[in-house]
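Participant: I'd like to go over a predicted model; first the sequence, then the structure.
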Amino acid sequence: MVPKILNGIGILCMAVMILTALPLTLPKLLGYQIYGITTGSMEPELPKGSAVYVKKAEPEEIRPGDRITFVMGTDTDLVTTHRVVEIDEENQQFITKGDANASADAQPVKFSRLVGKVVLGVPMLGTVSLYLHSSRGIAVCAGIFILVLILWGIAAKMKLKES
């Protein structure tokens, strides 16, 4: 009976780890990039701590009202996600605004800085992702994996003794 319980706990721990990792890995295989929302500028639709799934898009595919993710400047890799409020075709740039902000962003977004269009936002998943990518999160995952191996090892030894 005890070996079955230990095996069950191990399986449950592994299932939780896999189910937590799936939404952070599987979409990447399907061509989506995943980014975390770190400010409240897109609330209430995308609260701080959300994750957004972004699909690569060409500037001509973007319409006013679309949420886009873009590189913040030419000298940085940082990105932000805001809503397109206007498209300036002549100067090839988007006018963007955070949903919670009172006015449009001070700097337009050149078409060349477009990363893609947001297709899905998941509250709290960005916070989970940040934690899992931290040294503490990695240590916790490694600890759970080691614990599962120990549980399975103990269960196997107990089963052998019972035989």
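Facilitator: That came through fine.

Participant: next helix or strand past the helix or strand where residue 53 lies?
Facilitator: Secondary structure from DSSP states H and E places residue 53 in strand 51-55. Downstream of strand 51-55, the first helix or strand assigned by DSSP H and E is strand 67-71.

Participant: what angle separates the helix or strand that that following strand is followed by from strand 67-71?
Facilitator: Per DSSP H and E, the first helix or strand lying C-terminal to strand 67-71 is strand 79-88. Comparing the axes of strand 79-88 and strand 67-71 via axes from the mean of the first three to the mean of the last three CA atoms, to 10 degrees yields an angle of 110 degrees.

Participant: mean confidence score for strand 79-88?
Facilitator: Mean pLDDT, computed over strand 79-88, is 97.

Participant: Going forward, count from 805.
Facilitator: Got it, the first residue is 805 from now on, which makes the last one we talked about strand 883-892.

Participant: So for stretch 805-823, mean pLDDT?
Facilitator: Taken as a whole, stretch 805-823 has an average pLDDT of 91.

Participant: any idea how far that stretch is from the chain center?
Facilitator: Centre-to-centre, stretch 805-823 and its host chain are 26 Å apart (CA atoms, centre = their mean, to the nearest Å).

Participant: So which bits of that stretch are buried?
Facilitator: 807, 810, 811, 814, 821 (16 or more other CB atoms under 10 Å). All C-beta spots, glycine's among them, are computed from the backbone N, C-alpha and C.
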